[in-house]
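A.B. asks: here are the coordinates; sequence isn't available:
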């Protein structure tokens, strides 16, 4: 089913300095399913293309799911990763979620809006996404920049929500999470340094043929990487990484993924193990398969179970190799070699 997203900007909004936008899409799925996708921020990086990472800083919700959340969000806007803090109010009864940025990212001076989920008579659902915003100093160039970002991301998010909601129960078959771990007798800072300095991976990791890394601001990395398969072929991926040096953790989202995948997100964690002398370092992956891509890559009769096994093996092999080399690096540093 084709995705059509409508949008409008009321002319009267321009008089006040606060700009208003409205985007909407019709979804062939129940309103409860649409609302659940909006309410479940943990799954946003797997649902919404622009969203890289979300963390719930505070939450107060009742048994019905109504209440408030304080979120920190990292998302791509105008090809740059922006981060901000937002407060949301969730109302499952009216199927609305309102949001307001508490700490906006320049050039945004203020930003807020509402998700509104509406039942239609023909059994479909209308999802409306409203925004209001102002630019710092009401700067016209900044206003145009924000307008483009809001329009692009709203269209992308509504299209993604439509696609996810219309998958229905098959969504559980397409999405899966797995991990690989090693035990390291070394310092967390040394493990983190190995994972953080991805620009050195072509020298350190046998499966990385090329890697271009840029860091526009501390902790926000863009990676363009070529990896070697066992058969010698090269595969290109691009990713955005958010690096938390204070807690020794890195999260990432691939922006260009292999054909069989729709989404690939991941996380590197470094935690104390049961033994006070060692650490547990884990590579987490969450993948959403693309059924058409699976058939294209593996043949028309390929099953999702076969695709899951192949993806698990490919990603797990590479991450396990990285973990082993990170372990060796940290233990060599610890031993003074």
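C.D. replies: Sure thing, it's come through. Note that the structure is predicted; figures quoted are calculated from it, not measured.

A.B. asks: And the helices in the stretch 201-337 of the chain?
C.D. replies: If you assign secondary structure with DSSP state H, counting those that start in this stretch, the helices in the stretch 201-337 of the chain sit at 201-204, 291-298, 304-335.

A.B. asks: what would the ones you listed look like in TSV with mean neighbour count, mean pLDDT and distance to residue 30?
C.D. replies: All C-beta spots, glycine's among them, are computed from the backbone N, C-alpha and C. Shown next, in TSV, are the helices of the stretch 201-337 of the chain (neighbours: other C-beta atoms under 10 Å; pLDDT from 0 to 100; distance: least, C-beta to C-beta, whole Å):
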stretch	mean neighbour count	mean pLDDT	distance to residue 30
helix 201-204	15	97	45
helix 291-298	16	90	22
helix 304-335	16	95	24
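
A.B. asks: Past the helix or strand of the chain with the lowest mean pLDDT, which element shows up next along the chain?
C.D. replies: Within the chain, confidence by mean pLDDT, DSSP states H and E is lowest for helix 13-16 among all helices and strands, at a mean of 47. For helix 13-16, the following helix or strand on the C-terminal side (DSSP states H and E) is strand 19-27.

A.B. asks: low pLDDT regions in the chain?
C.D. replies: Along the chain, segments meeting pLDDT under 70 span 1-16.

A.B. asks: and residue 27, which of the helices of the stretch 201-337 of the chain is closest to it?
C.D. replies: Checking these against residue 27 by C-beta to C-beta gives helix 291-298 as the closest, at 18.8 Å.

A.B. asks: and the angle from the closest one to helix 304-335?
C.D. replies: Helix 291-298 and helix 304-335 are oriented at 80 degrees to each other (axes from the mean of the first three to the mean of the last three C-alpha atoms, to 10 degrees).

A.B. asks: could you say what helices and strands helix 291-298 packs with?
C.D. replies: helix 304-335 (3 or more C-beta pairs under 8 Å, 6 or more residues apart in numbering; DSSP states H and E).

A.B. asks: which helices and strands does the helix it packs on pack with?
C.D. replies: Counting by 3+ C-beta pairs under 8 Å, 6+ apart, helix 304-335 packs on strand 175-184, helix 188-196, helix 201-204, strand 261-272, strand 279-289, helix 291-298.
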